[in-house]
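Student: model this:
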Amino acid sequence: MKILHTTDTTNQIYQDALSIRKRVFVTEQNVSLALEIDENETKTVHFVGYVNGQAVTTARLLPEKAAFHVQRVATLKIARGHHYGQQLFTALEDYAVAHNKPALILGGQDQALGFYEKLGFHKTERPGFLDAGIPHHEMYKQLSSGQVPKG
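Tutor: I've put the predicted structure just below:
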């Protein structure tokens, strides 16, 4: 899988990310488009994974003081079960380390907590919460300070 990223909301990578998000969150999960597209679009780094030129998975990173906040993680239904999400998170972690952010934090949908736990994330002490009407938990992953970015 080829993973590209951008901060430019006028280019094709961002458009591909938005297309995946609309299919997964708006169409499949009935999240309002007004909630899905938010004030952070221009503040985040948008990542898209491509298989044979087809955009299949996406996430974005919002910079915070000591971490990146992982948001809008989505994989197209036809591409699930192929470990594309795992490959995407490797790229997110490499990017974070390369940009001197020693940790990742995210609000994971409860139905996806097992996926995030397999990637080394742990629930924080924050109580569960609803985001767009969907149960979530805050999760955190400390990245090795000695980790060397790949590629």
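
Student: point out where the chain drops to low pLDDT.
Tutor: 145-151 (pLDDT under 70).

Student: phi and psi next, for the residue most central in space within the chain.
Tutor: Per C-alpha atoms, centre = their mean, the C-alpha nearest to the average position across the chain is that of Ala59, at 2.9 Å. The phi/psi pair for Ala59 (degrees, to the nearest 10) reads phi -160, psi 160.

Student: gap between stretch 110-120 and the chain center?
Tutor: Relative to its chain's centre, stretch 110-120 lies at 13 Å (C-alpha atoms, centre = their mean, to the nearest Å).

Student: how about the longest helix along the chain: buried residues?
Tutor: Ordering each helix of the chain by length in residues (DSSP state H) puts helix 84-98 first. The neighbour-count criterion (16 or more other C-beta atoms under 10 Å) identifies 84-85, 87-89, 91-97 as the buried residues of helix 84-98. C-beta: built from backbone N, CA, C; applies to glycine.
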